[in-house]
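[1] need coordinates for the following:
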Amino acid sequence: MNILGYAQKLGKALMLPIATLPVAALLLRLGQGDLLDIPFMAQAGGAIFGQLPLLFGLGIAIGLSKDGQGAAGLAGAVAYFVITATATTINADVNMSFFGGIIAGIIAGHSYNAFHATRLPEWLAFFSGKRLVPIMAGLFSLVAGAVAGVVWPTIQGGLDALAHAVSTSGAIGQFVYGTLNRALIPVGLHHVLNSYFWFGMGTCQEVLVSGATAAGQALPALQQLCVDPALAKTLVVGQTHTFEFANSVTPEITATVKEVTETVKSGDLHRFFGGDKSAGVFMNGFFPVMMFGLPGAALAMYLAAPAEKRSQVGGALFSVAFCSFLTGITEPLEFMFVFLAPALYAMHAVFTGLSLVVANMFGTLHGFGFSAGLIDFVLNYGLATKPLLLFAIGLGFGALYFFTFSFAIRAFNLKSPGREDDDEDTSAAPAGDAKKGDLARQYLKALGGHDNLTSIDACITRLRLTLKDRSVADEAVLKKLGAKGVVKLGENNLQVILGPLAEIVAGEMKAIGAGEDLSDVKLP
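    Numbers count the residues shown, from 1 in each chain. Alright, predicted model coming up:
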């Protein structure tokens with residue numbers, strides 16, 4: 001498997017542990033004092049965040065395994081415990097954070113694929129097959145942990161230098177990250193980029209406080225802060241301290257220190273939910289784009305379509321635009337124009353980078369547990385800084401998207417939904433009758449059947465496939481079945497963009513027997 005193909009497989013595997021974040025964020029926020037004030041609920045959400053590295057190890061191991069078996073997840077847990085214990089025994093200052101989970105998951109996933117069918121001599125038969133996997137993963141992890149104990153401080157120093165360079169670069173770092181975030185979506189590698197920025201870049205240490213005030217106003221709901229670990233070492237329990245944060249627009253917070261915990265949180269997302277008032281700089285700018293910008297682009301494409309085709313494309317455009325606004329799921333809308341008009345998508349990527357710059361220039365901070373839609377905006381409003389400004393910025397970006405997309409489509413005669421070539425039929429075929437799996441059978445046949453498929457996986461919005469012969473896959477039929485786009489990676493990897501149905505279709509495709517006759521399955 002080539003590097004690009006492996007990267008997309010790793011990106012898919014990352015989605016399993018990341019899928020735990022919405023429930024963690026929901027429990028954590030609802031349980032806090034400014035909402036329902038239910039401490040055990042907040043602690044439950046915090047526990048999930050606190051075990052993110054372990055969840056990465058479990059989830060990636062399962063995601064990389066051939067058949068997603070629980071034995072791979074168990075091996076991932078074993079690998080994570082062995083790596084972290086070995087590394088910290090050699091060097092107590094080592095903190096691999098979520099990187100330890102990723103390494104453990106990779107080791108465990110490959111251990112499962114290599115040893116889950118291994119047969120040992122009869123006197124060792126009990127340890128054959130899947131029981132052998134955690135043992136081998138533990139042994140490999142022992143070596144990895146020993147190496148990490150020696151070399152990780154150097155690696156961590158490099159990562160810290162990178163984090164410092166990005167954070168101090170200000171607008172440049174924000175623009176580059178925002179642009180790359182969207183630019184990598186067509187090939188499905190944005191999850192790899194996001195993982196470092198949201199879970200690995202920058203650290204803070206949790207401090208429990210009471211009697212917090214800011215700008216002379218009491219903050220009774222504020223019970224914890226996340227501060228620079230170097231500062232945390234100097235704090236004295238029972239004393240009042242004035243906390244200053246890297247983001248200069250955040251007011252200084254004065255509070256009495258109740259406890260300096262041992263909990264260290266890393267990454268923009270983790271620190272945001274942990275009470276770091278300087279976190280959110282790599283999430284805030286997505287709200288204007290997802291809630292306003294892309295819906296503005298959808299309206300522009302609708303009005304640019306010929307009048308006789310607007311009814312045909314309007315339902316699809318406005319439904320995915322509303323999905324983007326409400327939930328922050330953008331891929332169904334983005335893939336309606338990324339292949340038709342790559343220039344429009346390039347504009348969208350640049351606008352996303354610009355949105356992060358503008359959001360931070362105005363001193364806003366916001367975050368999300370799932371994505372930058374209205375649901376997360378409202379849920380995490382109490383943790384945000386100047387959140388209402390994001391609405392004003394969003395209206396500006398909605399207008400920017402609408403007018404620039406409208407101008408570009410007409411001035412350069414770009415394709416967009418409803419403006420395809422006359423011989424290009426992009427309408428989706430009906431999903432079939434009520435029989436479960438009919439659509440999955442159609443997709444399977446269009447891809448060449450089970451004989452042509454090496455692996456079938458899915459993330460939130462796309463099928464991630466490895467094919468023996470990619471030329472057999474009929475791209476035109478896939479689009480007629482409802483695919484928003486098809487992405488080719490390397491020689492044998494294929495991604496089919498379906499939207500939220502992807503996981504369901506992938507499961508139904510796997511459930512179809514390898515020997516089932518698909519000759520009677522009708523394709524559009």
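
[2] contacts, neighbours, all on C-alpha from now
    Noted.

[3] and Gln8, what does it touch?
    When contacts are counted by Cα atoms under 8 Å, 6 or more residues apart in numbering, Gln8 touches Val187, Gly188, Leu189, Arg464.

[4] what separates the longest strand seen in the chain from the chain centre, distance-wise?
    The longest strand of the chain (DSSP state E) is strand 253-266. Centroid separation for strand 253-266 versus its chain: 28 Å, with Cα atoms, centre = their mean, to the nearest Å.

[5] same question for stretch 177-186.
    Taking mean C-alpha positions (Cα atoms, centre = their mean), stretch 177-186 and its chain are 12 Å apart.

[6] which residues touch it?
    190, 193-194, 282, 331, 335, 338, 346, 348-356, 487.

[7] ditto for stretch 334-352
    175, 178-183, 186, 285-286, 289, 401, 405, 408, 414-417, 420, 484-485, 497.

[8] before we move on, the earlier item: may I see the buried residues of the longest strand of the chain?
    Buried residues in strand 253-266, counted by 16 or more other Cα atoms under 10 Å: Ile253, Thr254, Ala255, Thr256, Val257, Lys258, Glu259, Val260, Val264, Lys265, Ser266.

[9] okay if I get those as TSV plus distance to Gly138?
    Shown next, in TSV, are the buried residues of strand 253-266 (distance: Cα to Cα, whole Å):
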residue	distance to Gly138
Ile253	45
Thr254	47
Ala255	45
Thr256	44
Val257	41
Lys258	39
Glu259	36
Val260	33
Val264	26
Lys265	26
Ser266	26
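
[10] which among the contacts of stretch 334-352 end up buried?
    175, 178-183, 186, 285-286, 289, 401, 405, 414-417, 484-485, 497.

[11] which of those fall within helices?
    Among those, the members found in helices (DSSP state H) are Phe175, Gly178, Thr179, Leu180, Asn181, Arg182, Ala183, Phe286, Tyr401, Phe405.

[12] out of those residues, flag the one nearest to Ile135.
    Asn181 (37.8 Å; Cα to Cα).

[13] so how far is Leu465 from Gly46?
    According to Cα to Cα, to the nearest Å, Gly46 and Leu465 sit 35 Å apart.

[14] who's more crowded, the two?
    Leu465 (24 against 20; other Cα atoms under 10 Å).

[15] so the more buried one belongs to a helix, correct?
    No - counting by DSSP: H, G, I helix; E, B strand; the rest coil, Leu465 is located in no helix; its state is strand.

[16] OK, contacts around it?
    Leu453, Thr454, Ser455, Ile456, Asp457, Asn493, Leu494, Gln495.

[17] what of Gln217?
    Gln217 neighbours (Cα under 8 Å, 6+ apart): none.

[18] tell me the pLDDT at it?
    For Gln217, the pLDDT comes out at 86.

[19] show me what it bridges to in the sheet.
    Beta-bridge partners of Gln217, counted by DSSP bridges, are Ala214.

[20] now it: how far from Leu365?
    Counting by Cα to Cα, the gap from Gln217 to Leu365 is 20 Å.

[21] do the same with Met41
    Counting by Cα to Cα, the gap from Met41 to Leu365 is 24 Å.

[22] so for the two, which sits in the more crowded spot?
    Leu365 (28 against 19).

[23] might one say that the more buried one is in contact with Val281?
    Yes - here Leu365 reaches Val281: they are 6.0 Å apart, a contact under Cα atoms under 8 Å.

[24] for His450, grab the count of nearby residues.
    19.

[25] ok, now which ones touch it?
    His450 neighbours (Cα under 8 Å, 6+ apart): Leu444, Ala514.

[26] for it, report the pLDDT, please.
    At His450, pLDDT is 88.

[27] before we move on, what about the one 4 residues further on?
    On pLDDT, Thr454 comes in at 89.

[28] sec struct for it, please.
    Relying on three-state DSSP, one would call Thr454 strand.

[29] let me see the ranges of the strands in this protein.
    203-214, 217-218, 224-227, 240-243, 253-266, 453-458, 462-467, 485-489, 493-497.

[30] ok, and the closest non-adjacent residue to the residue nearest the centre of the chain?
    Nearest to the geometric centre of the chain sits His191, at 4.8 Å (Cα atoms, centre = their mean). Nearest residue to His191, sequence neighbours excluded (Cα to Cα, 6 or more residues apart in numbering): Gly11, at 5.5 Å.

[31] surely the one you found touches Ser195?
    No - here Gly11 does not reach Ser195: they are 9.4 Å apart, not a contact under Cα under 8 Å.

[32] between those two, which is the more surrounded one?
    Gly11 (23 against 19).

[33] got a markdown table for the ones in helices among the buried ones among the contacts of stretch 334-352, with distance to Gly5 too?
    Listed next are those as a markdown table, based on distance: Cα to Cα, whole Å:
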| residue | distance to Gly5 |
| --- | --- |
| Phe175 | 27 |
| Gly178 | 23 |
| Thr179 | 22 |
| Leu180 | 19 |
| Asn181 | 18 |
| Arg182 | 19 |
| Ala183 | 17 |
| Phe286 | 27 |
| Tyr401 | 33 |
| Phe405 | 32 |
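
[34] run a quick neighbour tally on Asp469.
    Asp469 has 16 nearby residues by other Cα under 10 Å.

[35] flag the shaky bits of the stretch 401-524 of the chain, pLDDT-wise.
    421-437 (pLDDT under 70).

[36] check the chain too.
    1-2, 4, 246-250, 421-437.

[37] and this protein, what are its domain boundaries?
    For the chain, automatic domain parsing gives the domain ranges 3-196, 203-266, 286-411, 438-511.

[38] next, format those domains as a markdown table and append distance to Pro524.
    Listed next are those as a markdown table, based on distance: least, Cα to Cα, whole Å:
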| stretch | distance to Pro524 |
| --- | --- |
| domain 3-196 | 25 |
| domain 203-266 | 49 |
| domain 286-411 | 18 |
| domain 438-511 | 6 |
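
[39] Phe272: which of those domains is closest?
    domain 286-411 (6.6 Å).

[40] looking at the strands of the chain, which is closest to Asp160?
    strand 203-214 (9.2 Å).

[41] does anything pack onto the closest one? Which helices or strands?
    Applying 3 or more Cα pairs under 8 Å, 6 or more residues apart in numbering; DSSP states H and E, we find strand 203-214 packed against strand 224-227, helix 229-232, strand 253-266, helix 268-274.

[42] CA atoms of the second one as PDB?
    Going back to what we said before, that points to helix 229-232. Coordinates of each C-alpha in helix 229-232 appear next as PDB, following Å, rounded to 0.1, in the frame of the first residue of the first chain:
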ATOM      1  CA  PRO A 229       2.200  23.900  33.300                       C
ATOM      2  CA  ALA A 230       5.200  26.100  34.300                       C
ATOM      3  CA  LEU A 231       2.800  28.500  36.000                       C
ATOM      4  CA  ALA A 232       0.900  25.600  37.700                       C
END
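
[43] what about stretch 440-456, how long is it end to end?
    Start-to-end, stretch 440-456 (Cα to Cα) is 12 Å.

[44] list the buried residues for that stretch?
    Taking 16+ other Cα under 10 Å as the criterion, stretch 440-456 shows 440-450, 452-453, 456 as buried.

[45] swap in stretch 223-236?
    Those buried within stretch 223-236 under the rule 16+ other Cα under 10 Å are Gln223, Gln224, Leu225, Cys226, Val227, Asp228, Pro229, Ala232, Leu235.

[46] what does it rub up against?
    203-210, 212, 241, 245, 257, 260, 264-265, 271, 274-277.

[47] only whichever of the residues you listed are buried, select them in ChimeraX.
    Here is the ChimeraX command that selects the buried residues among the contacts of stretch 223-236 (16+ other Cα under 10 Å):
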select :203,204,205,206,207,208,209,210,212,241,245,257,260,264,265,271,274,275,276,277
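
[48] tell me the residue in this protein that is farthest from the middle.
    Largest centre distance within the chain, by Cα atoms, centre = their mean: Trp123, 45.7 Å.

[49] CA atoms only for stretch 30-40, dumped as PDB, please.
    Output of stretch 30-40 as PDB, limited to C-alpha atoms (Å, rounded to 0.1, in the frame of the first residue of the first chain):
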ATOM      1  CA  LEU A  30     -24.500  20.300  30.400                       C
ATOM      2  CA  GLY A  31     -23.000  19.300  33.700                       C
ATOM      3  CA  GLN A  32     -21.200  22.600  34.300                       C
ATOM      4  CA  GLY A  33     -22.500  25.300  36.700                       C
ATOM      5  CA  ASP A  34     -23.700  27.700  34.000                       C
ATOM      6  CA  LEU A  35     -26.100  25.100  32.600                       C
ATOM      7  CA  LEU A  36     -27.600  22.200  34.500                       C
ATOM      8  CA  ASP A  37     -25.000  22.200  37.300                       C
ATOM      9  CA  ILE A  38     -24.800  18.400  37.700                       C
ATOM     10  CA  PRO A  39     -21.300  17.600  38.800                       C
ATOM     11  CA  PHE A  40     -21.400  13.900  38.100                       C
END
